[in-house]
Each structure stands twice: as structure tokens, then as C-alpha cells.
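Student: Here's a sequence, model it:
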Amino acid sequence: MTGTMLRRVARAVLLACAAFLCGCGGGAALDDSSDSSGGDNDNPPPAPSAEIPPVQDVYVAADQPATNFNTSTASCGTCGSMVMVMSASNTGTFERQTLLKYDLTSLPHGPTQKLLILSAELHIQYLGGIAVNTDDDVTFSAYRCAQNWSEAGVSWSNKPVRLGGSIGSVLVRGTQFDCYLPLNPSVVQEWINMPATNYGIILSGSGGNGINSCKSMPSQEYNGKGITLDVNYTLQ
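Tutor: Below you'll find the predicted structure:
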């Protein structure tokens, strides 16, 4: 083979190799594009959520142990039925507690679809004091009710006892008008799995000083929401 022919063969081989390498480069670019689109999985859509108003809500008063306040207007004569919670660390006479009950049957849970609660919290709105003086800071704590109750019949003397310790708490400033009280999600999960154990929540206050620590909130009957139970969940 002459030198000219050898040079032509070598040139053909080099061109073939270059074409092959370009083809490989193009394939890698497609793979990168695929990986890039797959990167969207790093930002999954937010978990489903629900805002659940109470089906029953009422407060009870230590200084009026036999009174049911289901139709009370509390301190606001034009506000309709109110629920309220009061802390009275130095004088228990003015203590109030709020009872809340939620129906969770509207959540998509059943034999073929399991719902897993990721987070749960109470959304407490329109927090205000009825005292003339500056309101105290109060810690709201939530507890499970150990027995059933009805908003039309419960009073301080027959209110349900607490089941176990606190399932969540939040510090509420005297001038605060909106807060979220985080709850133990396993408690809400148990209510979903075993609805017969769902007797609701007792909301109690601590850290205040008598009448200056009274906080009032609209009930579900007043604004259609009351103190809502907000949950995030996933389906399995």
C-alpha cells in the first residue's frame, strides 16, 4: 500500500471515530435532560390538608359550676354564642375552660385507603381580653377528654376529666389575635383509626392572673369556623 493510500485510510478512521464520539456526546445530553426533569421529584407537591370546624364547642366556668354556657353571649352582647378560656393562676374563681369536638369522618380514610396524619394544630382566632387593664400572657394547653359530653348539657361540675397529659400548648401574648396550637399528630391519628375514642379536647389556660387573663373567641355558631382543627396528611 502506498503512502497516499495509508494517509487516506487513516483519515477515514479518524473521521469515523469523530462521528462516533459526537454521537455518544448527544446521547449523554439526552440523559442529562432526563435527569434534570427527574429532579422535579425533589420538590413533591404539598401534602393534602383539611380545615375542620368543631361540631361542638362551649366553655365552662368555675365560679358558676352548674351553668351551661352554650347560648351565652359572654362579654359581647352582639357577638352571639361565644367560647372562652381563662387562666387564673392566683385566683381559681374566674377560671374558664373550653371544650371542643371534631368530626373526622369526612377525611378520606377506609379499608382500601389509609390516611396518615403528618401534622395537626388548632387555629385559634380573635383572641382578645375582656379586662379594662392590660391583658396577661397566657399559655393555652390542650388535653384529651376522657368521657363524652354535649355542648348543650356540660357545665363545670360535670365536665369530662382529662385523659393523660397535655397533647400540645402555645404561649399567647396579651395583645395577640391569632395563633396556632400544635397537637400531637398521633392523637388525631388514633381518632381516625378508632372513632369511638374521639371525645374531643379540653382547652385550658395557665400563667395569667385572674380576670386580666381572660381570652374570648367566637364559636362555630358565630362565624362558621370557631377554633378549627387543621391537619396535613398523606394517603397510603
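Student: Please make it C-alpha for all contacts and neighbour counts, starting now.
Tutor: OK.
Student: Let me see the mean pLDDT of stretch 51-63.
Tutor: If you average the pLDDT over stretch 51-63, you get 92.
Student: actually stretch 186-206, sorry about that
Tutor: pLDDT averaged over stretch 186-206 gives 94.
Student: buried stuff in it?
Tutor: If you call a residue buried by 16 or more other Cα atoms under 10 Å, then stretch 186-206 has these buried ones: 187-189, 191-193, 197-206.
Student: And the helices in this structure?
Tutor: Using DSSP state H, the helices of the chain run over 3-38, 185-193, 220-223.
Student: Which of those comes out lowest on mean pLDDT?
Tutor: Comparing mean pLDDT across those, the weakest is helix 3-38, with a mean of 43.
Student: mind giving me the domain ranges of this protein?
Tutor: Following automatic domain parsing, one finds the domains of the chain at 3-42, 49-235.
Student: send the alpha carbons of stretch 220-228 over as PDB?
Tutor: Taking Å, rounded to 0.1, in the frame of the first residue of the first chain, the C-alpha atoms of stretch 220-228 are listed here in PDB:
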ATOM      1  CA  GLN A 220     -68.500  27.900  65.300                       C
ATOM      2  CA  GLU A 221     -72.100  29.200  65.600                       C
ATOM      3  CA  TYR A 222     -70.800  32.700  65.400                       C
ATOM      4  CA  ASN A 223     -68.500  32.700  62.300                       C
ATOM      5  CA  GLY A 224     -68.900  29.200  60.800                       C
ATOM      6  CA  LYS A 225     -65.400  28.200  61.900                       C
ATOM      7  CA  GLY A 226     -64.700  28.800  65.500                       C
ATOM      8  CA  ILE A 227     -61.400  27.100  66.600                       C
ATOM      9  CA  THR A 228     -60.600  24.900  63.600                       C
END
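Student: Report the buried residues of that stretch.
Tutor: By 16+ other Cα under 10 Å, the buried positions in stretch 220-228 come out as 220, 221, 225, 226, 227, 228.
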